[in-house]
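> Next one to model:
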Amino acid sequence: MTWADFYLICFLLGFVLSLLSLLGVLHLHLPHIHIHIGGAHAHAPHSGGGDAGEVAPINFGTVAAFLAWFGGTGYLLARFYNFWSLIALSIAGAAGLVGATIVFFFLAKILIRRDEELNPADYDMIGVLGTVTSNIRPSGTGEMIFSQAGARRAAPARSDDGVAIVKGTEVVVTRYERGIAYVRPWEELTNSSEASKQS
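Sure thing, here's the model as predicted:
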C-alpha cells in the first residue's frame, strides 16, 4: 500500500463518517431508518446541575473531520507533489487538526445557542391554558391542545377532580404527571377565585 492509498482510505472513511455525523446531528429520518450517531446534544438544563450544552473536543464529528481533512490533504501531497513522506504527513496532520477544530467550534456554538434557548420555565405545564379537543369522561382520559414556547401542542388530559369535561372547554393544567395533564375548567377556577374575593 502506498502513502497515496493510505491517505485516500482515510479521506473516504472521514467523508462517510462526516456524512453520517451530519445526518445524526440533523436527526434525519430516512425511510425505515432512523440515523442517530454520536455527537453531543443540548437538553433543557436540569435543576440538579450540569451543563447541557457541553461538547467534548474529541467526538464523532471532530474525528470524522480530522480523517477527511487529513486524508484529502495527504492524498493531494502524495499524489501530485513530491513531498518527503514525513513532511507530507506533518502537513496532512495539521490540516486534519484545522478541520477538526472548525467542526468543534461549529458544534460548540450551535449547542451553546440551543442551550440558551431551552429554558425549563418555558416548558412547565402547570398553569398552561388549553382547550379540550376530545371529551374527558369521568375518571377517563381525553386530549387537549395548547400553545407553548411558540408552538401548538397536544397532550393527553384527565380531569383533576374526576368529573367529565366536554370538548371545546377551556381548561387550566393544575398538575402534570407521567405525560398526562390534569386539568380543571378555566371558568370553574375563575368563578371560585371571584367567590373567594367576595367573601
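> which is the next helix or strand following the helix-or-strand element of the chain with minimal mean pLDDT?
Least confident helix or strand of the chain, by mean pLDDT, DSSP states H and E, is strand 33-34 with a mean of 38. As assigned by DSSP states H and E, the chain's next helix or strand after strand 33-34 is helix 60-80.
> and the helix or strand just after that next one, average pLDDT?
Counting by DSSP H and E, the next helix or strand C-terminal to helix 60-80 is helix 85-117. The pLDDT scores in helix 85-117 average 78.
> which strands and helices sit next to the helix or strand that comes right after helix 85-117?
With elements assigned by DSSP H and E, the helix or strand that comes after helix 85-117 is strand 129-134. Here strand 129-134 touches strand 141-148, strand 151-159, strand 170-177, strand 180-185, going by 3 or more C-beta pairs under 8 Å, 6 or more residues apart in numbering; DSSP states H and E. C-beta: built from backbone N, CA, C; applies to glycine.
> how about these, which one is nearest residue 10?
strand 151-159 (42.7 Å; C-beta to C-beta).
> Quick one: residues in contact with that closest one.
By C-beta atoms under 8 Å, 6 or more residues apart in numbering, the list of residues contacting strand 151-159 from outside reads 125, 130, 132-133, 136, 138-147, 165, 171, 179-184.
> Just the buried positions in stretch 134-142, please.
136, 142 (16 or more other C-beta atoms under 10 Å).
> what's it in contact with?
With C-beta under 8 Å, 6+ apart, stretch 134-142 has contacts from 132-133, 143, 156-159, 162-167, 180, 183.
> now stretch 168-181
125-132, 141, 144, 146, 155-158, 160, 165, 182-187, 189.
> Kindly confirm my reading that residue 8 forms part of a helix.
Yes. Assessed with DSSP: H, G, I helix; E, B strand; the rest coil, residue 8 lies in a helix.
> domain ranges for this protein?
3-119, 124-198 (automatic domain parsing).
> comparing the ones you listed, which gets the lowest mean pLDDT score?
domain 3-119 (a mean of 70).
> So what's the residue count around the closest residue in space to residue 99 that isn't next to it in sequence?
Spatial nearest neighbour of residue 99, chain neighbours left out: residue 69 (3.1 Å); criterion: C-beta to C-beta, 6 or more residues apart in numbering. Residue 69 has 26 neighbours, counted by other C-beta atoms under 10 Å.
> All good on my end, thank you.
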